[in-house]
Each structure stands twice: as C-alpha cells, then as structure tokens.
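>>> sequence and predicted structure, then a few things I'm wondering about:
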Amino acid sequence: MSSRGADGSHPRTAEHARPDHFLLHLSDTHLLTPGGRLYDAIAPELTLKRIFDDLEAAGTRPEAIVFTGDLADHGDEEAYRLLRSIVEPAAERLGAQVIWCMGNHDDRATFRRVLFGQHHSTRPVDRVYDVNGLRVITLDTSVPGEHWGALTGAQLDWLAEELASPAPHGTILALHHPPLPCVQDLAVLVELRDQQQLAEVVEGSDIRAILAGHVHFSTSGMFAGVPVSVASATCYTQDLTGEARGTRPQDGNQSYNLVHVYEKTMLHSVVPIAAGTTMSSVSAAESDAILAAHGVTLPQRRTPAPVAARRPDRVDRELAAMTTPITLPVLE
Ligand SMILES: [Fe+2]
Ligand SMILES: [Fe+2]
C-alpha cells in the first residue's frame, strides 16, 4: 500500500515535469540617448532597469534573454551603448545569454558594430544560438529606411538550410514583425509582407514557437501551424481600450514575457512591469514543504542536451571574410 501525504492525501506525481528551458522575452525597448524622452514624457531606460532590478531581487535565473527588436528608437550608437550597460551586467549576474534581434527602428550598421563588435555591414543580421539544446534563430525582418517588414529570398534560403538539421530540443524563431493579422488598422502599413513565403519554410520544420514584437501589446496566434507569441513593449504600449481599430499609444501596461519550454508544450506568461499590491507570499522553500506534505512529486526537467559545437552563421562568416588576411602576390 502506498504511503500517504501528511494530510492523508494519496501521493502523486505532477502532470508535468519542470520546464526544460526558461527564457525571458522582452521587446521594443526603444532606447534613446541617455536622458531622452519618448513623447517628451517617457524615459524608456527606467522600465528596463526596473525589470532587471526586480528579476535579480527575485532570484530569477533565465538561460537566455531574447529581445525582439526596436532596441533603439532612432538607431543611435549611444542608445545601444546604454542598452548594453543596463542589460549585459545584469544578464551576467543572472547567468543568461543575451539574444538581440533587429527591428524597424534599429540601424543595421550601428546595431552590428555596437552589439556584436562587427563591421558596419548593412546586410541582414540573422543569427543562430544554442541554449542548452534549444535552438534560437533570430531573423532580421527590417527593411532599411522603411517601417514595414520583409525577408529576402536569400534569408529564407538560409533559414531553410539551418532548419534542415533539427535541434535536440527544437527551435524558437525570434523576429520583430509578427506574421499575424493586424488588430489595429494602421498596423497594416507596417506589417510583415509576403508572409506566405516564410510559412513555406516554417511549416514542417522543428520550429516550436515564434517570438515577435513590434505592435506594442501582448497578443498571440498561429502561423504555419506554429504558435506565435508577441510580447508587448517595455517603453510604451498601445491602448486597446481606445476607439475600435484606432491607434492610441499610452504610458502604461508595459510588460515582458516569461517563456517556459516543456518537452511537449511552451508557456508564454505576461509580466506587467508596474507593481501590484502584494496580498500574501509563499516562498519556494515553503512551497516545497507544502507539496511534500501533500505527497506530490514534481519531476525535474530532462537532462540538458549536450551543447554541440556552434556552427558558424552568416554573421560569423562575414566577419571571418572581413578579417582574413589578404596575401598580396610578390612583385618580381
Ligand atoms: Fe516598436
Ligand atoms: Fe517595430
């Protein structure tokens, strides 16, 4: 006969083990040069600092932090330096790798140079990351000089080539312009164009979720059989309580997402940045004790997949080409 919990309940194992992976998804930081204000009122770096202060205070330990674009409002070098100064030291303390994605407000050349220490190339910034067996691919949907999004045939070919070999724990595709319908009519002007071409590459691949931003409110949908999770902005958001189909930016409801990746599913949980009123609190240690008293076991996550040697991506190859010494022929 099985033993019972301290309260007399039958022992049981939770329906799901702990997640295999835990990531943060932030979007649309729209940083300005230090001290700058969006709409002459909002200091976008303050909410960003607050997020990381709160995460550190809570002892949160994400494996990676994914930023889905519009990192700098005008693509200024100083804004990217400000971003690095806030995010990178905090990410190091949290033990998380940082994954940057281009948006329509970003400047490719400055983005590459300040965030990756690379040459001023204006080619798309498409990259591949290994997060303990979970592959994260960032795809650059920006079009220089425009706010709408697009992918070139070369980018789609590259994506298909990367996806040809599946990753141990599957793939998350991170891009700025969501491949979804627009809730606000004016967003059609800045949507991702030719979405069907991307659908043909995504369908049947090991992509388990698409992370996006751009619209400044939290939303979700399906694309080519894959769930799409759009994080709101950390700077300002779109007020959907305004006139139906209209557009009304507001200083409020800024948020980011927690992404918990399980063997068979994935959760995207929205975290508002403004503090609520705490009504009561149960610590992790107290939770453990309560579960034990109820005879409930929560299985640990699967053993992380061994990290394969990182394959060079497009940005690596370009950098290598630019830094390979050129041997000049000896003149007779
Ligand atoms: Fe944005
Ligand atoms: Fe955007």
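All right, it came through fine. A quick note: this is a predicted structure, and the numbers were derived from the prediction, not measured. Ligands and ions are numbered 1, 2, ... in the order given.
>>> is it fair to say Val188 lies in a helix?
Yes: note on Val188: a helix contains this position according to DSSP: H, G, I helix; E, B strand; the rest coil.
>>> contacts only, for the residue in the stretch 101-250 of the chain that ligand 2 sits nearest to.
Of the residues in the stretch 101-250 of the chain, the one nearest ligand 2 is His214, at a distance of 3.8 Å by Cβ to the ion. C-beta here means a position set from N, CA and C on the backbone, and glycine is covered the same way. If you count contacts by Cβ atoms under 8 Å, 6 or more residues apart in numbering, His214 has them with 27-28, 68-70, 103-104, 149, 176-178, 190, 230.
>>> number of residues surrounding the closest residue to His105 other than its chain neighbours?
Spatially, and ignoring its direct neighbours in sequence, His105 is nearest to Asp70 (4.4 Å; Cβ to Cβ, 6 or more residues apart in numbering). Here the number of neighbours of Asp70 (other Cβ atoms under 10 Å) works out to 27.
>>> which SS state does Asp70 fall under?
State at Asp70, reduced to three classes by three-state DSSP: coil.
>>> quick one: it from Leu173, how far?
Between Asp70 and Leu173 the computed distance is 17 Å (Cβ to Cβ, to the nearest Å).
>>> tell me how many other residues crowd the residue nearest to Leu186 when sequence neighbours are not counted.
The shortest distance from Leu186 to any non-neighbouring residue, by Cβ to Cβ, 6+ apart, is to Thr247 (5.1 Å). The burial count assigned to Thr247 is 14, neighbours taken as other Cβ under 10 Å.
>>> show me what contacts Thr247?
Neighbours of Thr247 in contact, by Cβ under 8 Å, 6+ apart: Gln184, Asp185, Leu186, Ala187, Gln238.
>>> what about Arg93, neighbour count?
For Arg93, the tally of surrounding residues (other Cβ under 10 Å) stands at 11.
>>> quick check: it is in a helix.
Yes: under three-state DSSP, Arg93 sits within a helix.
>>> what about Arg317, helix or strand, and which?
helix 314-323 (DSSP states H and E).
>>> returning to what we had before: and the residue nearest to Leu186, how far from Thr141?
With distances defined as Cβ to Cβ, the gap from Thr247 to Thr141 amounts to 21 Å.
>>> helix or strand: which one has the residue of the stretch 101-250 of the chain closest to ligand 2?
Taking DSSP H and E as the criterion, His214 maps to no regular element, lying outside all helices and strands.
>>> could you measure from it over to Trp148?
As defined by Cβ to Cβ, His214 lies at a distance of 10 Å from Trp148.
>>> which residues are in contact with both of these two?
Shared contacts of His214 and Trp148, defined by Cβ under 8 Å, 6+ apart, are found at Asn104, His177, Val190.
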